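Engineer: predicted structure and sequence below. I'll ask about it afterward.
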Amino acid sequence: MPPFSAATLYDTAPSYHNGVPSAISFNNSPPRRTPSEVEFVSNNDVNGEGHYTGEINKFTRLPHGRGSLRYTSFEKKNCISYTGLWENGLRHGHGSLEYTTGVYVGNFDRDVREGHGFFRWADGAEYQGDFSHDSPNGKGQFRRRDGSVYYGDFKNGNMHGLGTLQFENGDFGVFNWSNGKIFTKTEQKRSKQRKKWAKSQPQEEIILV
């Protein structure tokens, strides 16, 4: 077994909907508001960004509370829709953001992915773990298209630091990584075939839109 696994990254096991985690120790509390501050609108235009249904601030007319926005703005061409918590027009708190390339479910801090989150690409690759400054930073796991899984440290979207690479047949190796590339030969166990494969691997970066 690897020295740690996805189950050790979170306080509670995530629940799933259509294969996507719906909660991973998220703070689901909506922003502070009183009934006198908000009202509910349906299919409302938000600064030309798209069509919004949900709670808004009565005074600023911006999304505030729970709501869904379907993007139509050219500037948001990579975004399809967002459902979750808002604060003064910004995605803030727990939410789900669908892109043209995949879907993110997790925490936001003033429009930026921050905290624990999950991202699934259209091709089936997945990342689950810590986000900071809109990118994977900290502890996480990355399930690659070939079925192998990396558990370990991330920095600015790259595998960086100590991490375990596990294959579908159960073989695994522990490596030091630098900017997505195996940096030293500190693995505890691997076959000659895995060693040759590891040396040939190109630099790999998790690219999020």
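Structural biologist: The structure has been received and is ready for your questions. This structure is a prediction, so every number in the text was calculated from the model and none was measured.

Engineer: I'd like to know which helix or strand in the chain has the lowest mean pLDDT.
Structural biologist: strand 20-23 (a mean of 48; mean pLDDT, DSSP states H and E).

Engineer: next secondary structure after that one?
Structural biologist: Once the chain leaves strand 20-23, the next helix or strand it forms, by DSSP states H and E, is strand 38-45.

Engineer: for this protein, which segments count as helices?
Structural biologist: Residue ranges of the helices in the chain, as given by DSSP state H, are 192-199.

Engineer: so where is this structure shaky, pLDDT-wise?
Structural biologist: Of all residues in the chain, those with pLDDT under 70 make up the ranges 1-36, 74, 184-209.

Engineer: switch the cut-off to 50
Structural biologist: Counting by pLDDT under 50, the chain contains low-confidence ranges at 1-14, 22-27, 186-189, 191, 209.

Engineer: next, count neighbours for the closest residue to residue 182 other than its chain neighbours.
Structural biologist: Spatially, and ignoring its direct neighbours in sequence, residue 182 is nearest to residue 175 (4.8 Å; Cβ to Cβ, 6 or more residues apart in numbering). Yep, even glycine has a C-beta here, placed from its N, CA and C like the rest. Neighbourhood size, residue 175 [other Cβ atoms under 10 Å]: 25.
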